Every structure is written in structure tokens, then in C-alpha cells.
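Visitor: Give the three-dimensional model of this entry:
(one chain, ligands or ions: 1)
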Amino acid sequence: MRVVWVLLLAVFSCSAMNGLESRLERQMHLWQKRLGLDEWNLSLRLVRQSEIDSNSWGAAEWDPANRTGTISVLDPRDYNLRGGELKLDMECTIVHELVHIQVSPLDARDELIREEVVNRIMAALMNRPCPN
Ligand SMILES: [Zn+2]
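Guide: Numbering: from 1, shown residues only. Purely as a prediction, here's the structure:
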């Protein structure tokens, strides 16, 4: 019985995670459209902190030739925020990573300058403060 319960819990938490992932993916597609990146074939996945840089909430990998890429968003289990703030900040993370893809042809050499430009564009798009 306990085994069944554990299995049920596993299925539930797994489908909850898939639900979150697909909700974030829908959000990403809306922002893709808004940023004129709808020709890109992008996917989204939740990742643990160990899979991306510490002190970051997301990452992006992309192939400009094929216009494909993956946006990684930090798993809620490792996020420093909860509830509404978490939701808001995850959207900021998605927009931040999409802006990285959008400005990538400019390829700023200096990483700090690049982050500053990306954050300014993200903030302008969000038109509200981002919790992180
Ligand atoms: Zn960045």
C-alpha cells in the first residue's frame, strides 16, 4: 500500500512539474511572438541549480543557423522565491533568456555589459519590477 502511495505521489509531482513546464512553455511562445522570434524552434526545461551557473535563474543555448534552442529555467525547488513572486520572476527569466537570443548577433565581448543591456531590455518589456 505504501509503495502504491509513493508511486501515486511520484506520478502527481511529476505531472505537476510537467504542468508547470508546459505553462512556462506557453508563456515562452507568447514572448517569442512578441519579440519576433516565432520562427525559432525553442523548447523549455526546468533545471536544478547544479546544471546552470550559481547565482543565475536560467540559461539558454541556441543554434543560430538552424534557429533552434533550449531555454533552461531554474526548478522551483532551487528558486529563492515562492508563490506569486516566483511566478513573476520565472517569466522575467524567460524574457531575459529570449533577449539573449535576440541580441546574440551583436555579440558584445564584455559579459557584464551584455548582461546590463539584456536586463534593461527585459525590464522595459516587463514594465514592472522583477523580484530578483
Ligand atoms: Zn543573462
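
Visitor: Run through this structure and note the low-pLDDT ranges.
Guide: Filtered on pLDDT under 70, the chain yields the residue ranges 1-17, 108.

Visitor: in it, which spans are helices?
Guide: 2-34, 83-103, 111-126 (DSSP state H).

Visitor: Mind checking these for the one nearest to Asn132?
Guide: helix 83-103 (5.1 Å; Cβ to Cβ). To be clear about C-beta, it is placed using only N, CA and C from the backbone, and glycine gets the same treatment.

Visitor: I would like the residues contacting that closest one, please.
Guide: Contacts to helix 83-103, defined as Cβ atoms under 8 Å, 6 or more residues apart in numbering, come from residues 24, 27-28, 31-32, 35-37, 40, 42, 44, 57-60, 62, 69, 71-74, 76, 79, 81, 114, 117-119, 121-122, 125-126, 128, 130-132.

Visitor: Could I have the buried ones of those as ChimeraX selection syntax?
Guide: To isolate the buried ones among these in ChimeraX, judged by 16 or more other Cβ atoms under 10 Å, type:
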select :24,27,28,31,32,35,37,40,42,44,57,58,59,60,62,69,71,72,73,74,79,81,114,117,118,121,122,125,130,131,132
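
Visitor: what about Glu91, neighbour count?
Guide: Glu91 has 20 neighbouring residues, counting by other Cβ atoms under 10 Å.

Visitor: I'd like to know how far it sits from Pro105.
Guide: From Glu91 across to Pro105, the span is 24 Å (Cβ to Cβ, to the nearest Å).
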